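Okay, structure incoming, though there's no sequence with it:
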């Protein structure tokens, strides 16, 4: 106690001479929290916090016992204090100078302007820490397109009709409007089995020739598809190209007519826009639809700003969506929440079978191209969560 008191007396005597020795920084750090010693502007702040408030200062200005008005100039490259008149302050770009009004008391006296400045800087520092904390909690949202965002069944059925008439004119020759509407209605029923657009052409012909009922196609599409691809001598690549070319021609000749049959599920556009505008959420489209058509619908019709590089299509390659999910998860930082939203139960089942994709949260929407039985099965599966539009909106925020 006596030594500490003697040390305070020596410091007070030195300061009364208006001399600040080089060891002052050491004394301030070691003894600065003592009630009778000089304190920094924010006593409750840590040294790191103080440097946030004054980023280019190596040491915070402190109160000293003196009777004159002085300016402590602190160079970013040095920690030495110098006594200067206010009029001789150094260049503000090179030095930060804080004017402190000093009195006979050892308590801190800061001008109103300085207090406001410190408060403003503190708020900025707090905001910066909040932003940093928020950005640390990132998420990735992978969305299917057809059946989750867009109901493209009317357009894809009409595109299939146009392509089928050109490919099999003898089959579709003489079909009246009434039969065409019946076939298009049945295409809506069997839409849940479609993974890639060209399959609509085969479904349409099977229904036209009455080779299978809608129920039979729903239950046995995995058998019908390869069987009739071989029987009708269809190559997958050729069918994909023909279906895409038919769409391209329709778009070129009647763009508005091609857009019109496409519809958007209620609430999904606002939710998708909210996700895209969220700086802490990376949004990707993972679809079996050809990328150029997906991009056109998103950007031109729905006004969802989605760059082409964030749209992943498996149409040409025929690769499963699981490959895309593996690639995406390798690109994100550790701790990122991974969410995959689908309307096809079969796709989610493939993800479940991949142990390397266990960290993905899987969601099946209760709209789109799935059946009541599939929704019930998903609701009972612990890996899959069945969601409605409200849950989808919260997920996208």
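Nice, thanks for sending it over. None of the values given here were measured: they were computed from a predicted structure.

what stretches of the stretch 101-250 of the chain score poorly on pLDDT?
101-136 (pLDDT under 70).

Show me where the stretch 101-250 of the chain has its helices.
112-136, 153-167, 169-172, 177-190, 199-208, 214-231, 236-253 (DSSP state H, counting those that start in this stretch).

And the contacts of the second one?
Helix 153-167 is contacted from outside by 146, 171-172, 180, 183-184, 187-188, 191, 194, 197, 200-201, 203-205, 242-243, 246-247, 250, 258, 261-263, 369, using Cβ atoms under 8 Å, 6 or more residues apart in numbering. From N, CA and C alone the C-beta is placed, and that goes for glycine too.

List the buried residues for it?
If you call a residue buried by 16 or more other Cβ atoms under 10 Å, then helix 153-167 has these buried ones: 153, 155-161, 163-164, 167.

Mind putting those into TSV with distance to residue 350?
Below are the buried residues of helix 153-167 laid out as TSV (distance: Cβ to Cβ, whole Å):
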residue	distance to residue 350
153	22
155	26
156	22
157	26
158	29
159	26
160	25
161	30
163	28
164	29
167	30
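
Which two of those have the greatest separation?
The distance between the two most remote of the buried residues of helix 153-167 (Cβ to Cβ) is 20.4 Å, for 153 and 167.

List the contacts of residue 278.
If a contact means Cβ under 8 Å, 6+ apart, then residue 278 has 396-397 as its contacts.

Can you report phi and psi for it?
phi -80, psi 120 (degrees, to the nearest 10).

The one 4 residues further on now?
Per-residue torsions, residue 282: phi -100, psi 120 (degrees, to the nearest 10).

For the closest residue in space to it that isn't next to it in sequence, grab the count of nearby residues.
In this structure, residue 282 finds its nearest non-sequential neighbour in residue 140, 4.8 Å apart by Cβ to Cβ, 6 or more residues apart in numbering. Applying other Cβ atoms under 10 Å, we find 20 other residues in the vicinity of residue 140.

Could you check how far residue 140 is from residue 281?
To residue 281, residue 140 is 7 Å away according to Cβ to Cβ, to the nearest Å.

ok, now which ones touch residue 197?
Per Cβ under 8 Å, 6+ apart, neighbours of residue 197: 156, 159-160, 240, 243-244, 288-290, 315.

quick one, what contacts the residue nearest to residue 282?
Contacts for residue 140 (Cβ under 8 Å, 6+ apart) come out as 281-284, 328-329, 332, 336-339.

Looking at these, which are in helices?
328-329 (DSSP state H).

Which one among the contacts of residue 140 sits at the bottom for pLDDT?
Of all the contacts of residue 140, residue 332 has the smallest pLDDT value, namely 92.

Do I have it right that that residue meets residue 138?
Yes. Contact criterion Cβ atoms under 8 Å: residue 332 and residue 138 qualify, at 7.3 Å.

so what's in contact with those two at the same time?
Jointly contacting residue 332 and residue 138 under the rule Cβ under 8 Å, 6+ apart are residue 282.

what are the ranges of the strands in this protein?
70-74, 83-84, 96-100, 139-143, 150-151, 263-264, 281-287, 311-313, 337-342, 360-365, 384-387 (DSSP state E).

Those strands: lowest mean pLDDT?
Among the strands of the chain, strand 96-100 carries the lowest mean pLDDT (a mean of 32).

Not counting sequence-adjacent ones, nearest residue to residue 343?
Using Cβ to Cβ, 6+ apart and skipping the chain neighbours, the partner closest in space to residue 343 is residue 368 (3.0 Å).

residues touching that neighbour, list them.
Here residue 368 is in contact with 146-148, 151, 265, 343-344 (Cβ under 8 Å, 6+ apart).

List buried residues within those residues.
The buried subset of the contacts of residue 368 (16+ other Cβ under 10 Å) comprises 146-148, 151, 265, 343-344.

which stretch among the strands of the chain comes nearest residue 223?
So among the strands of the chain, strand 337-342 is nearest, using Cβ to Cβ, at 23.2 Å.

counting contacts, what elements does that closest one pack onto?
Other elements packing on strand 337-342 under the criterion 3 or more Cβ pairs under 8 Å, 6 or more residues apart in numbering; DSSP states H and E are strand 139-143, helix 321-331, helix 345-352, strand 360-365, helix 389-396.

would you list those in TSV and tack on distance to residue 273?
Converted to TSV, the helices and strands packed on strand 337-342 look like this (distance: least, Cβ to Cβ, whole Å):
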stretch	distance to residue 273
strand 139-143	12
helix 321-331	21
helix 345-352	24
strand 360-365	17
helix 389-396	9
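
Quick check: which of these is nearest to residue 302?
Taking the helices and strands packed on strand 337-342 one by one with Cβ to Cβ, strand 139-143 is closest: 12.3 Å.

in its sheet, what does that closest one sit against?
Using DSSP bridges, strand 139-143 pairs in its sheet with strand 281-287 (parallel), strand 337-342 (parallel).

among those, which is nearest residue 390?
Taking these one by one with Cβ to Cβ, strand 337-342 is closest: 13.7 Å.

now the angle between helix 345-352 and the closest one, please.
Relative orientation of strand 337-342 and helix 345-352, computed by axes from the mean of the first three to the mean of the last three Cα atoms, to 10 degrees: 150 degrees.
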